[in-house]
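Colleague: Sequence plus predicted model, see below.
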Amino acid sequence: MELIIAANWKMHKTVAETVDFCRAILQNEALFKDVEVLICPPFTALPAASDLLRGSSIKLGAQNMHWEREGAFTGEISAPLLLDLGVEYVIIGHSERRQLFGEDDSRVQIKMKAALENGLKPILCVGETEAEREEDATEKVIKNQLFVALEGLSAEQADSLVVAYEPVWAIGTGKAALPRDAETASSYINEVIRNKFGKEAVNKIRIQYGGSVKEDNIGSFAVLSAIQGALVGGASLEADTFSALIQAARKAVLS
Ligand code: PGA
């Protein structure tokens, strides 16, 4: 399966900064062969990124969406509004949305359904907090998050799904998970997917690792059999650093 490496910019970058980044990353496009590269800017920078990346192999994602197509939902952005800008992917259930904005599993579930029904490919984030890890509850947490998020979806709908395993304690801390722990959790995600959608689904659904991914450590995750990419926050903000990270992943997989 092709690696998928996504940049999650969170609440960073003006339009001008986005333009600079896109111009710079496009210079390196030829070096990203066989890797699906994806940028998820803030909503305000999507039109500029869309204009610049159109026709290139670099794809566009959103960081969140509302589940209704349109209506009286002040401050929200729907799937059709994202599709209108050429957005292909959408991050759903990021731990920052769960922890800071009260997004619970039932919200994640309706967003997943809405994304797929509208033709957006979801990147579903799952992962345990530090306290849950200390209680040895990682698998239980992942299982519950997946069960609710995937409820009501068909195996066919799930084909385009990407699951990001992001241990909450590893996000933005500089303390990435150990590759063997990421592999154990990702294998468990595969087991849940196999039980729910059948073994074919495991060959189609890609799993990313996320949490303090950098150029130095991406290789150790990219080579793992249960992991096919990364969701990158801090290290995705500079075009040079992000390009180097993508190349490091490619090199690790090819060697
Ligand atoms: P980080 O963020 O790479 O800065 O740890 C990852 C994420 O939140 O997706």
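Modeller: The structure has been received and is ready for your questions.

Colleague: ok, then the element right after the longest helix seen in the chain?
Modeller: Ranked by residue count and defined by DSSP state H, the top helix of the chain is helix 179-197. Per DSSP states H and E, the first helix or strand lying C-terminal to helix 179-197 is helix 199-202.

Colleague: helix or strand right after that following helix?
Modeller: Per DSSP H and E, the first helix or strand lying C-terminal to helix 199-202 is strand 206-210.

Colleague: do the longest helix of the chain and the ligand meet at all?
Modeller: No: applying CB under 6 Å from any ligand atom, one finds helix 179-197 out of contact with the ligand, separated by at least 12.9 Å. In this view, the C-beta of every residue, glycine as well, is placed from N, C-alpha and C.

Colleague: how far does that helix sit from the chain's center?
Modeller: 16 Å (CA atoms, centre = their mean, to the nearest Å).

Colleague: which other helices and strands contact it?
Modeller: On a contact count with 3 or more CB pairs under 8 Å, 6 or more residues apart in numbering; DSSP states H and E, helix 179-197 meets helix 138-150, helix 155-158, strand 162-165, helix 199-202, strand 206-210, helix 215-222.

Colleague: among these, which is nearest the ligand?
Modeller: Ranking the helices and strands packed on helix 179-197 by distance to the ligand, with CB to the nearest ligand atom as the measure, places strand 206-210 first at 4.2 Å.

Colleague: follow-up on the earlier one: can I get the helices and strands packed on helix 179-197 in a markdown table with mean neighbour count?
Modeller: Listed next are the helices and strands packed on helix 179-197 as a markdown table, based on neighbours: other CB atoms under 10 Å:
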| stretch | mean neighbour count |
| --- | --- |
| helix 138-150 | 18 |
| helix 155-158 | 16 |
| strand 162-165 | 28 |
| helix 199-202 | 14 |
| strand 206-210 | 26 |
| helix 215-222 | 20 |
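
Colleague: Adding distance to the ligand and mean pLDDT, write these out as TSV.
Modeller: As requested, those are exported to TSV (distance: least, CB to the nearest ligand atom, whole Å; pLDDT from 0 to 100):
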stretch	distance to the ligand	mean pLDDT
helix 138-150	15	98
helix 155-158	21	92
strand 162-165	7	98
helix 199-202	23	94
strand 206-210	4	98
helix 215-222	10	98
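
Colleague: Out of these, flag the one nearest residue 33.
Modeller: Residue 33 lies closest, by CB to CB, to one member of those: helix 215-222, at 14.6 Å.

Colleague: now the angle from the closest one to helix 179-197?
Modeller: Put simply, helix 215-222 runs at 40 degrees to helix 179-197, going by axes from the mean of the first three to the mean of the last three CA atoms, to 10 degrees.

Colleague: Tell me the helix or strand right after helix 215-222.
Modeller: Where DSSP H and E defines the elements, the next helix or strand beyond helix 215-222 is strand 229-232.

Colleague: what comes into contact with that following strand?
Modeller: The list of residues contacting strand 229-232 from outside it, by CB atoms under 8 Å, 6 or more residues apart in numbering, reads 3-8, 35-36, 91, 123, 125, 162, 164, 166, 206-210, 213, 218, 221-222, 242, 245, 249.

Colleague: hmm, try it at 7 Å
Modeller: Residues from elsewhere that reach strand 229-232 (CB atoms under 7 Å, 6 or more residues apart in numbering): 3-8, 123, 164, 166, 206, 208-210, 213, 218, 221, 242, 245.

Colleague: Count the residues that sit near the closest residue to the ligand within the stretch 101-250 of the chain.
Modeller: At 2.3 Å from the ligand, residue 233 is the closest residue in the stretch 101-250 of the chain, using CB to the nearest ligand atom. Close neighbours of residue 233, defined as other CB atoms under 10 Å, add up to 22.
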